[in-house]
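In: Take this sequence and fold it.
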Amino acid sequence: QLQVVESGGGSVQPGGTLRLSCAAPGYTLEYHAIAWFRQAPGNEREAVACIKSGADSTNYRDSVKGRFTISRDNAKRTVSLQMNSLKPEDTAKYYCRLAHWKGNTCTPFGSWGQGTQVTVSS
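Out: Below you'll find the model as predicted:
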């Protein structure tokens, strides 16, 4: 079964940048829509961004628009989430997941990975 693995998290100061990566060892993500989610302690998991399989369409939650960019690197078989101008409220564990793209929205399926922690603090 295809299992995703997230990496690239860390601790940064407000205004800093991080680049998260999603991969599925032994598989290519090229033909799947991929969604990034995050969950902060005490909060429900929320969708952050999604990219269609052909990479010609993306969507973002309002609070990250203009700061986060989701993209594909098919040669590396990864989907990345570039996070700029990070804010303390972006602190969460970030997860990627396979998704179905329909009508400009993503519906996740498959299993969750272990996630990667992002901490934004001064």
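In: quick one: least confident helix or strand in this structure?
Out: Here the helix or strand of the chain ranked lowest by mean pLDDT, DSSP states H and E is strand 105-109, holding a mean of 91.
In: so what secondary structure elements neighbour whichever helix or strand comes after it?
Out: Following strand 105-109 in sequence order, the next helix or strand is strand 116-120 (DSSP states H and E). Applying 3 or more CB pairs under 8 Å, 6 or more residues apart in numbering; DSSP states H and E, we find strand 116-120 packed against strand 10-12, strand 18-23, strand 92-102. (C-beta placed from N, C-alpha, C; glycine too.)
In: so where's the chain uncertain?
Out: For the chain, no stretch has pLDDT under 70.
In: give me that answer again for 90
Out: Low-confidence segments of the chain, defined by pLDDT under 90: 1-3, 25-28, 30, 54-56, 73-76, 103-105, 110-111.
In: Going by secondary structure, the residue nearest in space to the middle of it is in what exactly?
Out: In the chain, the residue lying closest to the centroid (CA atoms, centre = their mean) is Trp36, at 2.9 Å. In this assignment (DSSP H and E), Trp36 forms part of strand 33-39.
In: Give the buried residues for that strand.
Out: 33-38 (16 or more other CB atoms under 10 Å).
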